[in-house]
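Asks: Quick one, what's the 3D model for this:
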Amino acid sequence: MSGAAWHARISCGNEVGAGFLVSPRRVLTCAHVVRRRGTSAVTVTFPGARGLGPLPATVIVHGGWSSGASDHGDLAVLELDREVPLSPAEFAPPGAELGDPAPTLVAYGFPKGYDEGMLAQYQAVRGALVADEWRQLEAVTAHGQPLAAGFSGAAMTLPDGRVVGMVASIAGSREVRVGRMLPTQVMARYWPELGERVPTPDHHPELGERVPTPDHHPDAVRRLYTLARRAVAHDVDCDPNRLYVDAVGLFGPPLPEGGFASLGAAAEYVQREVPGAEAVGRFADRLQELLDAPPARPTAAHAWSPILVEIEHSGAGVDQVTVEVSAYRDGHRRRIGSRRLPRTAVRAYVQERIDEAFSQLAPDADELITFVLPREWLNEPVAHWECGEDDSTPLGCAYPLVVVDRSRHRSGRLRHRLAKRWQQLDACPGARLHRVECGAPERPPSLRKRLRDHSADLAGFAFPPSTAQPHFEVGLNTPVPVLLWSRTGCADLRHDGPCSGAAFLDELAASVADVPPIELPRHVMELREAADADDDPESHWAKDVQLLWDDPRCFPEPAACMHSPVV
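Replies: Next up is the predicted model:
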């Protein structure tokens, strides 16, 4: 069989594209090539090994591509229904597509009428990646085979056959012979296991300088990725950002802006970007500790089974956020999905992932939907978001739903203090409401002293966070385990006479007087249901009630992660 028999033709319905074998059962291609996989079978053939015949395949990794030409994450990993006796593709170090002069790159694709395949010759354009995602390609000649439909997913190879990237898009005009490829380092973002197969470069061909890390010993790299795969397969709960900080040490490279969306992404970054071999070993050792640790035991207070929706700024722009959805079962966290999105797309993504998360809960679980939000998002009407496209029921009426401040959720100091407060609250038959009034509000330092002197466990605010952020910060940092307010409460801190904020606090105090703090999420859900069902829901005092309910014991962290430096 040919040494380049690893080139593959992919078909999915009417879509035809290319791909390439990277292991006996794994094939890489573009996500848009298999976009109709829900209604059509995916079939892989190897023109250089025709005796194998067509092979059924399943998409096992999807890079997150949605549907647009400019969407990121246009990568898919296919798993064949059986292993094939072919040598997989070999990879060149990142940046090998550049040079002076630039090497000629070859793509093996399947344009219409050429089921056996055609070759196209292109060169990579020096300079920055387009949108930090694509390397631009330009044709070597004006008369050869251009990149066309059927080349998507094709490996871009050096003259010696080593892969430097994957064709992702082509120009929309015959007169413009340009295209784009995903270079290997970008592909590894969406499938970190690829980092195990791509060698580390000794120097950057374009900049003429040494990259931060030397080559790691192959055994160390294999151990790192093997442990990372095991940790994901066993649903080991760990924060990849904390693992990274622990691995690089206090004086190592700082955490990249936005952090890591997955454990594999953190492992790949340590391999590629951190000087010295020690960090790879420490990262692997921490994973080994987590895998060897005994299962976490939920305590009696962990009656809730949270579905966690974490939202944070991605660092990619003012409107871009990273959203991650997880589910807790038997004290272990199971990640459902993570995506960087514009703010306008968050609601639809969360609705889909929450629906998936329910499949991870035990049949008798008491679900608790928890939104971990940036501080400026705490007044977001998440309880009013619909359950789904076909179910207009507000989430907060269908399930117990709470919000948590992201800064507090990540602070080891505050988590420790909150856990101590909840140990005391477990025995409380009801919670006393500490009122934070409007009209003539007390100064934040005075409020802090009052909440501390009375060991406040429940604070009710007559106004939303945006009206007096310093007062809310007192409640968050003291810390008070439970905060309640009306999202549309009093908007003026200084006024005379009664107001909607004071009326809200009066109703709230009577409503929660005999409710154990651990049961407040269910009680508030019932208040939301009553408001929604009222003949005049807009006038009901609880129509916009927001509950910040924060029991760290519901979100256990493995011991090996907790001693990592706080990031």
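
Asks: Spell out the residue ranges of the strands in the stretch 401-550 of the chain.
Replies: In the stretch 401-550 of the chain, the strands defined using DSSP state E, counting those that start in this stretch lie at 401-405, 433-436, 458-461, 482-486, 545-549.

Asks: do you know how far residue 103 is from residue 160?
Replies: 9 Å (Cβ to Cβ, to the nearest Å). Glycine gets a C-beta too; all of them are placed from N, C-alpha and C.

Asks: do the same with residue 286
Replies: 38 Å.

Asks: Those two - which one has more neighbours?
Replies: Neighbours were counted for residue 286 and for residue 160 using other Cβ atoms under 10 Å; residue 286 has more, 23 against 9.

Asks: doesn't the more buried one fall inside a helix?
Replies: Yes. Assessed by DSSP: H, G, I helix; E, B strand; the rest coil, residue 286 belongs to a helix.

Asks: Which helix or which strand is home to the closest residue to residue 132 other than its chain neighbours?
Replies: Among residues not flanking residue 132 along the chain, residue 186 sits closest, at 8.0 Å (Cβ to Cβ, 6 or more residues apart in numbering). Under the criterion DSSP states H and E, the helix or strand holding residue 186 is helix 184-190.

Asks: Surely residue 486 and residue 506 touch.
Replies: No. The criterion here is Cβ atoms under 8 Å, and residue 486 misses it with residue 506 at 12.0 Å.

Asks: sorry, back to before: neighbouring contacts of the helix holding residue 186?
Replies: The contact list for helix 184-190 (Cβ atoms under 8 Å, 6 or more residues apart in numbering) reads 28, 61, 63-64, 73, 75, 91-92, 94, 129, 132-134, 163-166, 194-195, 198, 265, 268, 272.

Asks: With stretch 383-397 instead?
Replies: Taking Cβ under 8 Å, 6+ apart as the rule, stretch 383-397 contacts 347-348, 350-352, 354-355, 369, 382, 398, 401, 524-525, 528-529, 532, 545-546.

Asks: just stretch 358-375 next, same as before
Replies: By Cβ under 8 Å, 6+ apart, stretch 358-375 touches 303-313, 327, 329-330, 334, 336, 354, 380, 382, 395, 399-407, 409, 465, 469, 473, 476, 521, 554-555.

Asks: Export it to PDB, keeping only CA atoms.
Replies: Taking C-alpha atoms only, stretch 358-375 is exported to PDB below (Å, rounded to 0.1, in the frame of the first residue of the first chain):
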ATOM      1  CA  PHE A 358     -30.400  16.500  33.200                       C
ATOM      2  CA  SER A 359     -29.400  13.200  31.600                       C
ATOM      3  CA  GLN A 360     -26.400  13.100  34.000                       C
ATOM      4  CA  LEU A 361     -28.400  13.400  37.200                       C
ATOM      5  CA  ALA A 362     -29.600  10.500  39.200                       C
ATOM      6  CA  PRO A 363     -33.200   9.600  38.700                       C
ATOM      7  CA  ASP A 364     -34.200  10.700  42.300                       C
ATOM      8  CA  ALA A 365     -32.000  13.800  42.300                       C
ATOM      9  CA  ASP A 366     -33.300  17.200  43.500                       C
ATOM     10  CA  GLU A 367     -32.000  19.400  40.700                       C
ATOM     11  CA  LEU A 368     -30.700  22.900  41.400                       C
ATOM     12  CA  ILE A 369     -29.900  25.200  38.500                       C
ATOM     13  CA  THR A 370     -27.100  27.500  39.500                       C
ATOM     14  CA  PHE A 371     -25.900  30.400  37.400                       C
ATOM     15  CA  VAL A 372     -22.300  31.500  38.300                       C
ATOM     16  CA  LEU A 373     -22.200  35.000  37.000                       C
ATOM     17  CA  PRO A 374     -19.800  38.000  36.700                       C
ATOM     18  CA  ARG A 375     -20.800  40.600  39.300                       C
END
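
Asks: re earlier: number of residues surrounding the residue nearest to residue 132?
Replies: 23.

Asks: which intervals of the protein have sub-threshold pLDDT?
Replies: 1-3, 172-176, 200-216, 250-251, 294-302, 315-317, 440, 557-567 (pLDDT under 70).

Asks: So what are the structural domains in it, by residue number?
Replies: Residue ranges for the domains of the chain, per automatic domain parsing: 1-188, 218-293, 304-554.

Asks: What segments of the stretch 51-200 of the chain are strands?
Replies: Here the stretch 51-200 of the chain has its strands, by DSSP E, counting those that start in this stretch, at 55-62, 76-80, 105-109, 118-124, 135-139, 155-157, 163-170, 178-183.

Asks: about what we covered before: continuing past the helix holding residue 186, what's the next helix or strand?
Replies: helix 218-233.

Asks: helices or strands next to the next helix or strand after that next one in the packing?
Replies: Scanning forward in sequence from helix 218-233 by DSSP H and E, the next helix or strand is helix 240-248. When contacts are defined as 3 or more Cβ pairs under 8 Å, 6 or more residues apart in numbering; DSSP states H and E, helix 240-248 packs onto helix 263-273, helix 278-292.
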